[in-house]
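predicted structure and sequence below. I'll ask about it afterward.
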Amino acid sequence: MSYIKNAGGFSLMELMITVAIVGILASIAYPSYQESVAKSRRNEASNALFTSAQALERYYSTNGRYTTTAGGSTLPAVFPTQVPENGTAYYTIASTAASANAFTLQATRAGVMAGDACGNFTYDETGELALTSKPSGSSKTVADCWRR
């Protein structure tokens with residue numbers, strides 16, 4: 001009579017060690033993944049601001065002003081109002097200041113990006129990039145967030 005002494009398999013201890021290692025790797029990888037997704041969303045917002053500014057510059061070259069009427073403060077509807085344009089917004093795009101010869105566009109955090117450490121993005125007709133409404137304690141700079 002022959003008995004199998006070593007059936008070959010995993011012991012409970014080996015399985016628990018493997019689960020612990022996978023858990024440690026996941027706890028390191030997930031925050032990195034989340035930051036990568038946030039960077040991608042910030043990039044979308046900054047691209048929307050650049051594209052919007054270009055559309056306003058084209059409007060200015062045709063009409064001689066950024067606003068829809070002389071002396072007005074309303075910009076033409078030549079840019080998206082949210083990022084992404086369809087679905088749940090991560091940023092909303094709006095003008096915070098406008099005149100015949102100047103504009104300031106702002107991408108305001110929304111939805112899952114509401115607590116983002118970079119705050120809101122602003123961009124004006126001179127090409128000035130800025131961050132506003134950063135959470136207290138955030139050490140993010142324009143270079144960190146705009147990634148230019």
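Yes, it's here.

quick one: list the elements packing against the top helix by length along the chain.
Counting by DSSP state H, the longest helix found in the chain is helix 12-63. If contacts are counted by 3 or more Cβ pairs under 8 Å, 6 or more residues apart in numbering; DSSP states H and E, helix 12-63 sits against strand 82-83, strand 91-99, strand 102-109, strand 120-124, helix 142-146. Yep, even glycine has a C-beta here, placed from its N, CA and C like the rest.

what's the fourth one packed up against?
Meaning strand 120-124. helix 12-63, strand 91-99, strand 102-109, strand 129-132.

and those as TSV, adding mean pLDDT?
TSV is the format used below for the helices and strands packed on strand 120-124 (pLDDT from 0 to 100):
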stretch	mean pLDDT
helix 12-63	90
strand 91-99	87
strand 102-109	90
strand 129-132	85
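
so what's the most centrally placed residue in the chain up against?
Compute the mean C-alpha point of the chain, and by Cα atoms, centre = their mean the closest residue is residue 42, 2.1 Å away. Neighbouring residues of residue 42 by Cβ atoms under 8 Å, 6 or more residues apart in numbering: 113, 116, 118, 121, 145-147.

quick one, which of those residues are buried?
Among the contacts of residue 42, the ones that count as buried by 16 or more other Cβ atoms under 10 Å are 113, 116, 118, 121, 145-146.

so residue 133 sits against residue 118, correct?
No: contact between residue 133 and residue 118 fails when scored by Cβ atoms under 8 Å: they sit 9.8 Å apart.

overlap of the contact sets of the two?
Common neighbours of residue 133 and residue 118 (Cβ under 8 Å, 6+ apart) do not exist.

ok, back up a step: look up how far residue 138 lies from the residue nearest to the centre of the chain.
For residue 42, the distance to residue 138 equals 13 Å [Cβ to Cβ, to the nearest Å].

same deal with residue 17?
Distance from residue 17 to residue 138, by Cβ to Cβ: 39 Å.

with residue 117 instead?
For residue 117, the distance to residue 138 - Cβ to Cβ - is 4 Å.
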